[in-house]
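K.L.:
Quick one: sequence and predicted model below, then my questions.
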Amino acid sequence: MAGGELNAWRRGFTPQAELWNGRLAMLGLSVGIALLLILRVVGGSHS
C-alpha cells in the first residue's frame, strides 16, 4: 500500500481508519495530560 493511500480518509474498519483513530487518540491523550499538568502547576500554589 502506498504512503499516500494510508493517509486517505476512509470509513469503516480499514487500515486508513485505524491509523487516523490512533493519531487522534494520541492527540487527545497528549492534550489531556498537558492540560492536567498546566492546571496543576498554575493552580497548585493555592494551599
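P.N.:
Here it is on my side, so go on. Residues are numbered from 1 along each chain as shown.
K.L.:
and residue 21, how many neighbours?
P.N.:
11 (other C-beta atoms under 10 Å). For the C-beta atoms, the positions are set from N, CA and C on the backbone; glycine is no exception.
K.L.:
and what of the one 5 residues further on?
P.N.:
For residue 26, the number of neighbouring residues by other C-beta under 10 Å comes to 10.
K.L.:
Could you measure from it over to residue 33?
P.N.:
As judged by C-beta to C-beta, to the nearest Å, residue 26 and residue 33 stand 11 Å apart.
K.L.:
now swap in residue 22 and tell me
P.N.:
On the measure of C-beta to C-beta, residue 22 and residue 33 end up 16 Å apart.
K.L.:
Ok, residue 4 next?
P.N.:
In terms of C-beta to C-beta, residue 4 sits 31 Å off from residue 33.
K.L.:
Mind checking which of the two has more residues around it?
P.N.:
residue 33 (10 against 7).
K.L.:
And the pLDDT at the more buried one?
P.N.:
On pLDDT, residue 33 comes in at 98.
K.L.:
In this protein, which helix is the longest?
P.N.:
helix 15-43 (DSSP state H).
K.L.:
Any buried residues in it, and which?
P.N.:
Within helix 15-43, the residues that count as buried by 16 or more other C-beta atoms under 10 Å are 16, 20.
K.L.:
Run the chain-centre distance for it.
P.N.:
4 Å (C-alpha atoms, centre = their mean, to the nearest Å).
K.L.:
Show me what that helix is packed up against.
P.N.:
Applying 3 or more C-beta pairs under 8 Å, 6 or more residues apart in numbering; DSSP states H and E, we find helix 15-43 packed against helix 3-6.
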